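[1] Below are the sequence and a predicted model for it; my questions follow.
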Amino acid sequence: MSNTSIRKIEVVDYDPKWVDRFHQEAEKLKTEFRDSILRIHHFGSTSIPGMPAKPVIDILVEVVDINEVDRGTDKMIKSGYFSKGEFGIAGRRFFGRGTEAFRTHHIHFYQAGNSEIDRHLDFRDYMLAHPNEKRAYGRLKWELAEKFPESINGYNQGKAPFITEIDRKSRIWKSNMSESGHRD
């Protein structure tokens, strides 16, 4: 394996500039897919104030028709992104900006109605509303980055049980919130 294919796991303290980086990239995406985009969301750890994160901006783009994204793949590549197709999640179109070793943005396109949209956004919203869970997740990320400094698979596998549990809790929380008309 060459050194260029190793992704160093770097977790850093929250940076408020991540919000600006999201907005800048969202504007570029609106230009590329202006007629297809319904909504653009900042999600993942960089969207949660105070959350340590890998400094990679996750952007979720809801589109009317995912086939429009497929037709626009060449435009995305010419604009500096690389394409990973569904990249393990059915119905998603995943693009990255940067290199395999150093990424700056992850773009996740989903057709409106895909259940993954709610899962991602509910996770974010749950973390925003539950500071103890946010702190626990932040500690876990620091520990895993230290344990797996050059293994994205080890890092992601280490987070998986926590994420699965928060996904479960966020579904219950969202259901309770909908029934009561407010957040906990």
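    That came through, no problem. Residues are numbered from 1 along each chain as shown.
[2] make it CA atoms for all contacts and neighbour counts henceforth
    Will do.
[3] Now do the nearest residue to Leu121 once chain neighbours are set aside against Arg124, distance only.
    Leaving aside its sequence neighbours, Leu121 sits nearest to Phe43 (Cα to Cα, 6 or more residues apart in numbering; 6.5 Å). Phe43 sits 6 Å away from Arg124, taking Cα to Cα, to the nearest Å as the criterion.
[4] who has more neighbours, the two?
    Neighbour count, other Cα atoms under 10 Å: between Phe43 and Arg124, Arg124 has more, with 22 against 19.
[5] for that one, what are its contacts?
    Each residue near Arg124 by Cα atoms under 8 Å, 6 or more residues apart in numbering is listed here: 43-45, 47-48.
[6] just to confirm, which helix or strand has it in it?
    Assessed by DSSP states H and E, Arg124 sits inside helix 115-129.
[7] distance between whatever helix or strand comes next after that helix and the chain's centre?
    As assigned by DSSP H and E, the chain's next helix or strand after helix 115-129 is helix 131-147. The chain centre lies 16 Å from the centre of helix 131-147; the measure is Cα atoms, centre = their mean, to the nearest Å.
[8] Can you spell out which helices and strands pack onto helix 131-147?
    Under the contact criterion of 3 or more Cα pairs under 8 Å, 6 or more residues apart in numbering; DSSP states H and E, helix 131-147 touches helix 115-129, helix 152-180.
[9] Now render those as TSV, adding distance to Val11 and mean pLDDT.
    As requested, the helices and strands packed on helix 131-147 are exported to TSV (distance: least, Cα to Cα, whole Å; pLDDT from 0 to 100):
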stretch	distance to Val11	mean pLDDT
helix 115-129	18	98
helix 152-180	11	94
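[10] from those helices, which stretch is densest packed?
    Of all the helices and strands packed on helix 131-147, helix 115-129 has the most neighbours on average by mean count of other Cα atoms under 10 Å, namely a mean of 18.
[11] could you check the angle helix 152-180 makes with it?
    Between helix 115-129 and helix 152-180, the angle comes out at 80 degrees (axes from the mean of the first three to the mean of the last three Cα atoms, to 10 degrees).
[12] before we move on, the earlier item: in contact with the residue nearest to Leu121, which residues?
    Phe43 makes contact with 57-60, 120-121, 124, according to Cα under 8 Å, 6+ apart.
[13] List the neighbouring strands of whichever strand in the chain runs longest plus their orientation.
    Scanning the chain for the longest strand, with DSSP state E as the assignment, gives strand 103-111. Its sheet considered, strand 103-111 pairs with strand 57-63 (parallel), strand 93-98 (antiparallel) by DSSP bridges.
[14] Kindly reformat these as TSV and extend each row with mean pLDDT.
    Shown next, in TSV, are the strands paired with strand 103-111 (pLDDT from 0 to 100):
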stretch	mean pLDDT
strand 57-63	98
strand 93-98	96
